[in-house]
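# Whatever this is, show me its structure:
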Amino acid sequence: MIRLRDIEKSFSGNVILKKVSLDIAPGRVTALIGPSGSGKSTLLRCANLLEIPEAGRLDLDGLSVTFSGRAPDRRDILAVRRQTGMIFQSFQLFPHRTALGNVMEGLVVVLKWPAEKARARALELLDRVGLAAKADAYPATLSGGQQQRVAIARALAASPKLLLCDEPTSALDPELAAEVVDVLGTLAREGTTMLIATHDLRLANRTAHHVAFLQDGVVVEEGAPDRLFRQPADPRTIRFVRTLAGD
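Residues are numbered from 1 along each chain as shown. Next comes the predicted model:
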């Protein structure tokens with residue numbers, strides 16, 4: 001079990017997260033939904049310490065990091081990041097590397113894998129996301145959906161314990177977003193542990209086992225997607241779901 005406990009985070013005196021607690025079960029997908037500014041992306045980034053909380057605790061696969069207003073030990077930060085993979089809204093691919101090179105980069109440079117071993121792993125993952133034929137293509141020649149699928153392959157390269165997805169479909173038109181939803185749905189069925197921040201109810205409904213609705217830095221309501229999307233209990237959740245559903 002991956003646990004975030006009483007996480008607090010602010011920027012320039014503006015409180016973004018207010019004692020947020022969340023459990024992420026192994027082999028399951030948890031989706032964070034909520035309006036812009038609700039804190040869902042910040043919470044996601046706290047899970048791999050791209051943002052350092054001011055208070056709270058993170059438990060990840062036997063590693064426990066407590067936050068008390070100071071940066072954690074660098075060894076703890078690196079240990080957390082080695083166990084997480086991150087998919088960004090804007091892809092963040094290296095433009096001067098091919099799809100294959102992008103997936104290989106972290107394995108060779110950070111983990112010091114031999115080039116042939118890294119190449120074999122990268123080709124396996126590109127095939128897994130349906131892009132084996134694009135291994136030698138550069139990002140500029142790929143569609144947005146293809147670039148995001150390369151980013152997913154790159155995030156999976158080191159076999160992370162937790163895959164973090166920050167609005168993975170929001171920069172894509174509906175057709176290209178569907179490609180990414182399909183890939184993430186497959187990963188969910190294969191038992192990949194994921195935490196996804198998204199406005200895309202289709203993505204959350206199709207991939208998530210558990211959904212948490214955030215507003216104003218707190219978890220307002222959480223539960224299975226069938227219940228949360230069809231029979232939400234809190235008026236704030238009802239308004240948000242109706243807004244996204246176009247009611």
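# just so I have it, where are all the helices in the chain?
Under the criterion DSSP state H, the chain contains helices at 40-46, 74-82, 99-109, 115-128, 144-156, 174-189, 201-207, 225-230, 235-245.
# helices or strands up against the fifth one?
To tie it back to what came earlier, the one meant is helix 144-156. For helix 144-156, the packing partners by 3 or more Cβ pairs under 8 Å, 6 or more residues apart in numbering; DSSP states H and E come out as strand 84-87, helix 99-109, helix 115-128, strand 162-166, helix 174-189. (C-beta placed from N, C-alpha, C; glycine too.)
# partners of the first one in the sheet?
Paired strands of strand 84-87, with direction, are strand 162-166 (parallel) (DSSP bridges).
# buried set for the strand it pairs with?
Residues of strand 162-166 classed as buried by neighbour count (16 or more other Cβ atoms under 10 Å): L162, L163, L164, C165, D166.
# Identify the residues contacting G217.
V15, I16, L17, K18, V20, S38, G39 (Cβ atoms under 8 Å, 6 or more residues apart in numbering).
# neighbouring contacts of the helix or strand bottoming out on mean pLDDT in the chain?
The weakest-scoring helix or strand in the chain, judged by mean pLDDT, DSSP states H and E, is helix 235-245 (a mean of 84). Helix 235-245 has contacts (Cβ under 8 Å, 6+ apart) with I33, G34, P35, H199, L201, F213, Q215, V220, E221, L228, F229, P232.
# Report the separation between R70 and V110.
26 Å (Cβ to Cβ, to the nearest Å).
# Which one of those two is surrounded by more residues?
Taking neighbours as other Cβ atoms under 10 Å, R70 and V110 compare with V110 leading, 13 against 8.
# pLDDT score assigned to the more buried one?
You'll see V110 listed with a pLDDT of 89.
# quick one: terminal-to-terminal distance for stretch 30-49?
18 Å (Cα to Cα, to the nearest Å).
# From the chain's centroid, how far away is it?
Taking Cα atoms, centre = their mean, to the nearest Å, one finds the center of stretch 30-49 at 9 Å from the center of the full chain.
# what do you get for stretch 16-36?
10 Å.
# List the buried residues in that stretch.
Neighbour-count burial for stretch 16-36 flags 16-17, 20, 22, 24, 28-35 (criterion: 16+ other Cβ under 10 Å).
# do stretch 9-17 as well
K9, I16, L17.
# Just the CA atoms from that stretch would do, formatted as CSV, please.
Output of stretch 9-17 as CSV, limited to C-alpha atoms (Å, rounded to 0.1, in the frame of the first residue of the first chain):
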residue,chain,number,x,y,z
LYS,A,9,1.6,22.3,0.8
SER,A,10,1.5,26.0,0.1
PHE,A,11,3.0,28.4,-2.4
SER,A,12,3.8,32.0,-1.4
GLY,A,13,1.4,31.7,1.5
ASN,A,14,-1.4,30.3,-0.6
VAL,A,15,-2.4,26.9,0.9
ILE,A,16,-2.9,24.3,-1.8
LEU,A,17,-3.2,21.1,0.2
